[in-house]
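Colleague: can't give you the sequence, but here's the structure:
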């Protein structure tokens, strides 16, 4: 099973997301990634990226999570990426940049969120 990387999230949000991921994907490792070097290291293995719309940390992406998704897609990153944002326009932009359908913090405990996490992780089954 792939591990899940929480990319660019603050501590409190990471705790909430970790709970949601562990409920949806029992046994998956969950790590907080807040810098470009750690992200590049994580991408050397099978991982799912949950990318924050507004990145917290030190990343090369100048304008946020959607730009990071776009950069990783152009680089041929095989990791499934999901944007974490409540904004429908941001979700649409992330998908057009190469992300799978994501979810917002207001949807953490919805069945659709669980299904989306499982769909992303199933790419490595």
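Modeller: Nice, thanks for sending it over. It should be emphasised that the depicted structure is a prediction, and the values quoted were computed from it without experimental measurement. Residues are numbered from 1 along each chain as shown.

Colleague: C-alpha only now, for contacts and for neighbours.
Modeller: Fine.

Colleague: list the helices and strands the longest helix along the chain packs on?
Modeller: In the chain, with assignment by DSSP state H, the single longest helix is helix 11-24. Judged by 3 or more Cα pairs under 8 Å, 6 or more residues apart in numbering; DSSP states H and E, the packing partners of helix 11-24 are strand 3-7, strand 30-33, helix 111-121.

Colleague: assign a three-state SS to the most centrally placed residue in the chain, would you?
Modeller: Residue closest to the average C-alpha location in the chain (Cα atoms, centre = their mean): residue 50, at 1.0 Å. Secondary structure, DSSP: H, G, I helix; E, B strand; the rest coil: residue 50 is strand.

Colleague: pull out the buried residues from the longest helix of the chain.
Modeller: For helix 11-24, a neighbour-count test (16 or more other Cα atoms under 10 Å) marks 14, 17, 18, 20, 21, 24 as buried.

Colleague: farthest-apart pair in those residues, please.
Modeller: 14 and 24 (15.1 Å; Cα to Cα).

Colleague: element containing residue 83, please.
Modeller: Using DSSP states H and E, residue 83 maps to strand 81-84.

Colleague: before we move on, the earlier item: nearest to residue 45, of the buried residues of helix 11-24?
Modeller: Residue 45 has its nearest neighbour among the buried residues of helix 11-24 in residue 21, at 18.1 Å by Cα to Cα.

Colleague: what sits against that closest one?
Modeller: Residue 21 is in contact with 4, 28, 30, 114, 117, counting by Cα atoms under 8 Å, 6 or more residues apart in numbering.

Colleague: residue 73: which of those is nearest?
Modeller: Of all the contacts of residue 21, residue 73 sits closest to residue 4, with 17.4 Å by Cα to Cα.

Colleague: which residues does that closest one contact?
Modeller: Residue 4 makes contacts with 21, 28, 29, 30, 31, 47, 48, 49, 50, as judged by Cα under 8 Å, 6+ apart.

Colleague: likewise for residue 43?
Modeller: The neighbours of residue 43, taking Cα under 8 Å, 6+ apart as the test, are 77, 79.

Colleague: could you check the pLDDT of it?
Modeller: The model reports residue 43 with a pLDDT of 96.

Colleague: try residue 2
Modeller: pLDDT at residue 2 comes out at 85.
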